[in-house]
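Colleague: fold the following.
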Amino acid sequence: MESKLYNMKGEAVGKFDAPENIFGLKWNADLVHQVVLAMQANARPNVAHTKDRGEVRGGGKKPWQQKGTGRARHGSSRSPIWKGGGVTHGPRKNKIYAQKINRTMAAKALLTVLSRKYKDGEVIFVDSIEMQAPKASAGKAVLMALGKNFSGFSKRKNAALIALPSRSVPTIKSFSNFGNISVEEMRNLNPLSVLSTKYLVITSPKEAVEMLGKKSAIK
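Modeller: Okay, the predicted model is just below:
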């Protein structure tokens, strides 16, 4: 599948043959939904925790004698019906939300999402994006150049995800000031991160295809 190849200036400099086994898969909504839901569950922080009457402080002494006061009988001020007492049926942090994701499922879901993005014209192939020094002005120039061909770069949030072949600190820092742009290594791409942005910018597509080809070979 032939696609345009751009440079950092937003100019079409050639063609790139996108492999059909990576960018031409059929949409599988059930698989993608299952994997994305599991990823969100695994990222869910488990911090909500309430104390029951056995964990709150104090309450060892009986508030008043059992009979003769005219008041209702109570054995502890830590009772759930007392202010400052324990909480009944509150959230506990011992609940585990994590879900298992098989490697085959995760790999197939990623390729399925990439294929959908490609079909919708939201995958951009750029020959190289590499900054020699961390400069926001250089990053802005790249975004403005690509924005001439793709209008979605003007979105306030989640405009694009730039996938690099390897970690480049100057390049990452050049885009760190833009809240609508995220930068990630190609090997760390996942269905959730790709679906969370409008465009996926794949730099050095030949190297990227090699990495994705390994995922497509997982069985």
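Colleague: which pLDDT does the model give the most centrally placed residue in the chain?
Modeller: Closest to where the C-alpha atoms of the chain average out (CA atoms, centre = their mean) is Ser193, at 4.3 Å. pLDDT recorded at Ser193 is 93.
Colleague: so what's the backbone phi/psi at it?
Modeller: Per-residue torsions, Ser193: phi -70, psi -40 (degrees, to the nearest 10).
Colleague: check which helix or strand covers the residue in the chain sticking out farthest from the centre.
Modeller: Most distant residue from the mean C-alpha position of the chain: Gly68, 62.9 Å away (CA atoms, centre = their mean). Using DSSP states H and E, Gly68 is not contained in any helix or strand.
Colleague: which stretches of the chain have low pLDDT?
Modeller: 216-219 (pLDDT under 70).
Colleague: domain assignment for the protein?
Modeller: Per automatic domain parsing, the domain ranges recorded for the chain read 2-27+99-216, 45-96.
Colleague: and of those domains, who's closest to Leu37?
Modeller: Closest of those to Leu37 is domain 2-27+99-216, at 7.6 Å (criterion: CB to CB). (Glycine included, C-beta is placed from N, CA and C.)
Colleague: where along this protein do the helices fall?
Modeller: 20-23, 29-42, 103-119, 136-147, 169-174, 191-195, 205-216 (DSSP state H).
Colleague: and those helices: which comes nearest Gly90?
Modeller: Nearest to Gly90 among these is helix 29-42 (20.9 Å), distances taken as CB to CB.
Colleague: alpha carbons only: can I get that closest one in CSV?
Modeller: Presented in CSV, the C-alpha positions along helix 29-42 are these (Å, rounded to 0.1, in the frame of the first residue of the first chain):
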residue,chain,number,x,y,z
ALA,A,29,-13.8,-4.1,17.8
ASP,A,30,-14.2,-6.8,20.4
LEU,A,31,-10.4,-7.5,20.6
VAL,A,32,-9.5,-3.8,20.8
HIS,A,33,-12.1,-3.2,23.4
GLN,A,34,-10.9,-6.1,25.6
VAL,A,35,-7.3,-5.0,25.4
VAL,A,36,-7.9,-1.3,26.0
LEU,A,37,-10.2,-2.0,28.9
ALA,A,38,-7.5,-4.3,30.4
MET,A,39,-4.8,-1.7,30.0
GLN,A,40,-7.0,1.0,31.7
ALA,A,41,-7.7,-1.5,34.5
ASN,A,42,-4.0,-2.2,35.0
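Colleague: what comes up buried for it?
Modeller: 31-32, 35-36, 38-39 (16 or more other CB atoms under 10 Å).
Colleague: before we move on, back to that, need the winner for burial among the domains of the chain.
Modeller: Each of the domains of the chain was scored by mean neighbour count; the highest is domain 2-27+99-216, a mean of 17, by mean count of other CB atoms under 10 Å.
Colleague: just to revisit the earlier point, quick one, what contacts the residue nearest to the centre of the chain?
Modeller: 161, 182, 184 (CB atoms under 8 Å, 6 or more residues apart in numbering).
Colleague: before we move on, back to that, export the helices of the chain to CSV and append columns for distance to Arg156.
Modeller: Output for those, formatted as CSV (distance: least, CB to CB, whole Å):
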stretch, distance to Arg156
helix 20-23, 28
helix 29-42, 23
helix 103-119, 20
helix 136-147, 13
helix 169-174, 20
helix 191-195, 18
helix 205-216, 27
